[in-house]
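Novice: Starting from these lines, generate the structure:
(one chain, ligands or ions: 1)
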Amino acid sequence: MPPKKATKSTKNSQNSRAAFHFSDLLSKPAYKLFAGFFLLFSALFIAGSLVSYFIYWKSDMSAFDQTFWQLISNRDFTVRNLWGKLGAALAHSMVYRSAGVAAFAWVYVLFQMGSRLALNLGFRGFSTVLIRFLFIIIWLPTFLGLVLPDSLALLAGANGYFLAGWLVSSAGPAGAYTVLFFALLTYLAASFEWTPEKVASWLAALRSAFKSKKQKKSTPAGEALESFDYTNETWQFKNHSTPTNSDNTSDSQLIPERESPNTDEKEDDSFTVEIKQDEQPPSDVGKNRPIDEIEVKEESPLDDDTANRLIKKYGEYDPTLELSSYKSPTLELLVDYGSRQITVERAELESNKDKIVETLQQYSIEISKIKATVGPTVTLYEIVPAPGIRISKIKNLEDDIALSLAAMGIRIIAPIPGKGTIGIEVPNAHPQIVPMRTLLVSEKFQNTEMELPLVLGKTISNETFVADLTKMPHLLMAGATGQGKSVGINTIITSILYKKHPSQVKFVLVDPKKVELNLYNKIERHYLARLPNSEESIITDTKKVVYTLNSLTIEMDNRYELLKAANVRNLKEYNTKFIQRRLNPEEGHRYLPYIVLVIDEFADLIMTAGKEIETPIARLAQLARAIGIHLIIATQRPSVNVITGVIKANFPARIAFRVSSKIDSRTILDTGGAEQLIGRGDMLLSTGNDLIRLQCAFIDTPEVENIVDFIGSQRGYPSAYLLPEYVGDDEEPGILDVDLSKRDSKFDDAARLVVATQQGSASLIQRKLGLGFARAGRLIDQLEAAGIIGPFEGSKARQVLVKDEAELEHILKNLKEKFAK
Ligand SMILES: Nc1ncnc2c1ncn2[C@@H]1O[C@H](COP(=O)(O)OP(=O)(O)OP(=O)(O)O)[C@@H](O)[C@H]1O
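Specialist: Next comes the predicted model:
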């Protein structure tokens, strides 16, 4: 059970000790708001004084002969500037004495800073703002100083004239213009990410736009491109077709696109006329086609030009839009234990060192050097044996040495991988906990580029350890009861909650013990996924677990189909393509969140359901990495009938908390060591070839409650993320109630498609015929009722009962005749 007591006294004493940092000041929302408003006010003040300076500078001119103090102290003197003498003096020094009209850039940068602070929007992308500001404040005055006559000197400001004069004297007039032109070009290229491909596509678009204008006069088809609608059903895609196809004008859905390197004039012309809303949708093409042509059409990604046009019109797809006001949990929700200095008494280090040296001497092992690295719970003594001592000798004596040192938790690493030294880990007399908060604020976690970063804890050398779940790609956790597994699972889940938006990741939580994960119920509509017809998102019932696992395998298969159709290798590439609007939602493409399945207490499940659990888990573990489904499985019974060979083979990343025997340690890690751990979050992480000792981050139950309350109180999606429906063997699907007299207009096409491909899958129909999900599902029901495909078989595709086209045509003819009457 996770601890219930927050260590209040420690907190207070640590707090009082905590040093004052300026950055702490700005982390307080009230101060941020204050600083933000101050900057916004400054921006407004400067804007007002600049605008009125440009209007009244002539009448206020006499004021500018005086010094600032003279001006302010002389009460009789008045100016017309909106903000009075202060505004006039400020504007004069910003415009005339420095940057000219470019002084407005100050308004921009102060407004950006102020609004980010006041609205707590963060400083992401602020470097772009700064670069833009610097460019304007330097480049613009120089340019104006170069081109403007003296009568307009005010616009360039003193800086402009100085810089322009210096540039002309150094590089000559032509050189000065060239330098400024290239500076502008470099800035534009860098800030708008111009690439050679983009420039080429603009030129091509320009050319075709020019041509289509010419063509407009002769054919109205040219208008189609302008009125092209993203939501329109009639999408046309490129076909890598055979020459016969291009001859066939009825197949003119093919868009010759930039992909062909030598875009000749003929192709350019056809580009504009092909995307017509009133043309036949691609689905009809299947009618008289041999199979291979249908296959080729599977290339569904949109061509770059179409995607670019869509992006121009709608911007990139933003998955977070639906919950755009969602705020990630703040660090204040976690207990601040203050900055923890790890302290191990010098005397303790010396006495341990002496003990090690003595013990080794008993076995005639001389050492030439010994070094101590102090970690949060253990200290690593790294030993360089004297010349001539074989490491294998020490390795063989591992158990004896541990016994002689007679302390719990000693682990000997002989040799330390990659070094010729031997490591002896000795527990500290006063172990420190590693608070989750200190890890979340670490630079490593804050700046990580990982897809699903897990902050697991601290290494023996006191470094924050962050691992990417997508790389693991699944995790097996084991440890005897009370050694820190539940805390470990909480740190993993909260790491993700702190880093990802609800649209980007969904959890499937399985908790047969019914207590550990229950508190995540509150974030159901934000972060959880469940079966369509189940009430609870935290799955506790074994039968439901089996259904959920099978449903996940269906989701996996569906995702594979989508990835294949999009011609990408993994989820990240798929989502990137989708965001760039290069995948058509009408074809079933959608933004795919990561799915993280967490099973707390795997042993109970495997004992009751055995293969029914093991098989889908193994299948998911084998195949799900590319499509973004990741499994985290925990158990307190690390025996071979729970962690079977099949499971082990598919979970290269494993965490062991303290276990009761060496055999258990071997079952989890394939090596001993976990029985030597000291508990309370002390753990070993095996990543296949490395074994790393970590002190797991600590997060208390009240802290997790704070986080889920914070998330749960915000607006969520209407329901949890729904997984595909799965009907178990014992739940016969209802007798199909399908009226074949009301067959879908695409019934014949769908029938020909499934027979030609011998695949009875709804997603195939969806993609190939360009239909929505519900309509493809109805077609599948009708095909089943007509005896063309077999019944639903869980995660497998349905069997196609009709084997050849002649037989199918016969069935279709009969149906037509039967219902014609
Ligand atoms: N990372 C940690 N740092 C410090 N103390 C910890 C850590 N993890 C666990 N503990 C301590 O160990 C206790 C038990 O932890 P936890 O509930 O996670 O064990 P468990 O392995 O999940 O047990 P069970 O299997 O019975 O649920 C906690 O109450 C806490 O006091």
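
Novice: residues from this protein in reach of the ligand?
Specialist: Counting by Cβ under 6 Å from any ligand atom, the chain comes close to the ligand at 1-3, 433, 479, 481-487, 636, 680-681, 696, 698. Placement of C-beta: from N, CA and C, glycine included.

Novice: Which ones among the residues you listed lie within strands?
Specialist: Among these, the ones falling in strands (DSSP state E) are C696, F698.

Novice: If any of the residues of the chain next to the ligand are buried, put those into a ChimeraX selection.
Specialist: Command for ChimeraX that selects the buried part of the residues of the chain next to the ligand, burial taken from 16 or more other Cβ atoms under 10 Å:
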select :2,433,479,483,484,485,486,487,636,680,681,696,698
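
Novice: buried set for the strand or helix carrying A621?
Specialist: Assigning secondary structure by DSSP states H and E places A621 in helix 611-623. Neighbour-count burial for helix 611-623, with 16+ other Cβ under 10 Å as criterion, is recorded at E612, I613, E614, P616, I617, A618, R619, L620, A621, L623.

Novice: Minimum distance to the ligand, which residue of the stretch 601-750 of the chain gives it?
Specialist: Closest residue of the stretch 601-750 of the chain to the ligand, Cβ to the nearest ligand atom: G681 (2.2 Å).

Novice: how close does that residue get to P376?
Specialist: Separation of G681 from P376 (Cβ to Cβ, to the nearest Å): 9 Å.

Novice: Between these two, which contacts overlap?
Specialist: Residues touching both G681 and P376 (Cβ atoms under 8 Å, 6 or more residues apart in numbering): I433, V434, Q695.

Novice: The stretch 551-700 of the chain: strands as residue ranges?
Specialist: For the stretch 551-700 of the chain, strands defined by DSSP state E, counting those that start in this stretch occupy the ranges 594-600, 629-635, 653-656, 682-686, 691-698.

Novice: rewinding a little: just name whatever secondary elements the helix holding A621 is in contact with.
Specialist: Under the contact criterion of 3 or more Cβ pairs under 8 Å, 6 or more residues apart in numbering; DSSP states H and E, helix 611-623 touches helix 542-566, helix 602-609, strand 629-635, helix 645-650.

Novice: Can you add mean pLDDT and mean neighbour count and give these back as CSV?
Specialist: As requested, the helices and strands packed on helix 611-623 are exported to CSV (pLDDT from 0 to 100; neighbours: other Cβ atoms under 10 Å):
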stretch, mean pLDDT, mean neighbour count
helix 542-566, 90, 21
helix 602-609, 84, 19
strand 629-635, 94, 24
helix 645-650, 86, 15
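
Novice: Would you convert these into TSV that also reports distance to G114?
Specialist: Shown next, in TSV, are those (distance: least, Cβ to Cβ, whole Å):
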stretch	distance to G114
helix 542-566	42
helix 602-609	52
strand 629-635	41
helix 645-650	53
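
Novice: give me the low-pLDDT residue ranges for the stretch 201-350 of the chain?
Specialist: 201, 208, 210-316, 338-343 (pLDDT under 70).

Novice: One more pass at 90, please.
Specialist: 201-325, 331-332, 334-350 (pLDDT under 90).

Novice: Just give the number of residues close to S639.
Specialist: 13 (other Cβ atoms under 10 Å).

Novice: Name the nearest residue to it, ignoring sequence neighbours.
Specialist: Closest residue in space to S639, ignoring its immediate chain neighbours: T667 at 6.4 Å, by Cβ to Cβ, 6 or more residues apart in numbering.

Novice: what are the ranges of the helices in the stretch 101-250 of the chain?
Specialist: According to DSSP state H, counting those that start in this stretch, the stretch 101-250 of the chain carries its helices in the segments 104-118, 126-147, 153-191, 196-216, 243-247.

Novice: State the mean pLDDT of the longest one.
Specialist: Helix 153-191 shows an average pLDDT of 87 in the prediction.

Novice: cool, the first one as well?
Specialist: Along helix 104-118, the predicted confidence averages to a pLDDT of 90.

Novice: tell me what it is packed against?
Specialist: Against helix 104-118 (3+ Cβ pairs under 8 Å, 6+ apart) you get helix 29-56, helix 126-147.

Novice: so can I have TSV of those showing distance to K353 and mean pLDDT?
Specialist: Putting those into TSV (distance: least, Cβ to Cβ, whole Å; pLDDT from 0 to 100) gives the following:
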stretch	distance to K353	mean pLDDT
helix 29-56	48	88
helix 126-147	48	89
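
Novice: can you put the ones you listed in TSV and add mean neighbour count?
Specialist: Listed next are the helices and strands packed on helix 104-118 as TSV, based on neighbours: other Cβ atoms under 10 Å:
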stretch	mean neighbour count
helix 29-56	17
helix 126-147	18
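
Novice: contacting residues for Y498?
Specialist: So Y498 contacts S328, P329, L440 (Cβ under 8 Å, 6+ apart).

Novice: now the helix or strand it falls within against strand 682-686, angle please.
Specialist: If you go by DSSP H and E, Y498 is part of helix 485-499. Comparing the axes of helix 485-499 and strand 682-686 via axes from the mean of the first three to the mean of the last three Cα atoms, to 10 degrees yields an angle of 70 degrees.

Novice: Give the bridge partners for M683, please.
Specialist: M683 forms beta bridges with L694, as assigned by DSSP bridges.
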